[in-house]
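> Sharing a model that was predicted from the sequence below.
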Amino acid sequence: QVQLVESGGGLVQAGGSLRLSCAASGRTASVYRMAWFRQAPGKAREFVARITWRSGSTNYADSVQGRFSISRDNAKNTVYLQMNSLKPEDTAVYYCAAAQGQYVYDFWGQGTQVTVSS
């Protein structure tokens with residue numbers, strides 16, 4: 001099992017920045033990839049960004065490309081999501097997820113609320 005705990009959410013004005021953190025514990029050696037997803041009220045959960053644990057390669061949703069940056073600290077077993085130039089449409093609950101393989105995210109955090117006011 002891998003446990004994930006997110007932090008760093010909050011209320012910010014449009015154009016502002018926030019950094020989310022996701023601390024992983026447990027069988028972290030089994031993690032191949034970690035990602036951030038988000039879910040806005042009344043909408044389906046959507047992919048935001050992902051990072052491969054060993055190589056550090058990253059991918060982003062088109063909607064956040066150039067504004068968000070995902071990174072990891074292997075020593076701390078922590079993944080970060082730096083969010084800049086935030087827009088009201090970025091308002092959502094943000095979830096951290098971990099995958100032991102390439103395609104299925106096996107473990108999820110409890111989520112952290114991000115609210116961007118206009």
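Structure's in. What do you need? Predicted model, so just to flag it, every value in this text is computed and none were measured.
> quick one: contacts for the residue nearest the centre of the chain?
The centroid of the chain falls nearest to Trp36 when counting by CA atoms, centre = their mean (2.6 Å). Going by CB atoms under 8 Å, 6 or more residues apart in numbering, Trp36 touches Leu20, Cys22, Val48, Ala49, Arg50, Ile70, Val79, Leu81, Tyr94, Tyr95, Cys96, Ala97. Heads up, the C-betas are built off the backbone N, CA and C, glycines and all.
> Buried subset of the residues you listed, written for PyMOL?
To isolate the buried ones among these in PyMOL, judged by 16 or more other CB atoms under 10 Å, type:
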select buried, resi 20+22+48+49+50+70+79+81+94+95+96+97
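> What is the nearest of the contacts of Trp36 to Gln113?
Distance to Gln113, by CB to CB, is smallest for Tyr94 among these, at 7.8 Å.
> List the buried residues in stretch 33-48.
Arg33, Met34, Ala35, Trp36, Phe37, Arg38, Phe47, Val48.
> Report the two of these separated the most.
Arg33 and Arg38, at 17.1 Å, using CB to CB across the buried residues of stretch 33-48.
> roughly how far apart are the residue nearest to the centre of the chain and Gln113?
Using CB to CB, to the nearest Å, Trp36 is found at 14 Å from Gln113.
> what do the two both touch?
Common contacts of Trp36 and Gln113 (CB under 8 Å, 6+ apart): Tyr94.
> Now do the helices in this protein.
In the chain, no helices are defined using DSSP state H.
> if you skip the residues just before and after it, what's nearest to Thr58?
Using CB to CB, 6 or more residues apart in numbering and skipping the chain neighbours, the partner closest in space to Thr58 is Ile51 (5.0 Å).
> and Val12, how many neighbours?
The number of residues packed near Val12 is 17, by other CB atoms under 10 Å.
> Which strand residues bridge it?
Taking DSSP bridges as the rule, Val12 bridges to Val116.
> what separates it from Tyr105, distance-wise?
26 Å.
> next one: Gly16
In terms of CB to CB, Gly16 sits 28 Å off from Tyr105.
> I am finished for the moment; much appreciated.
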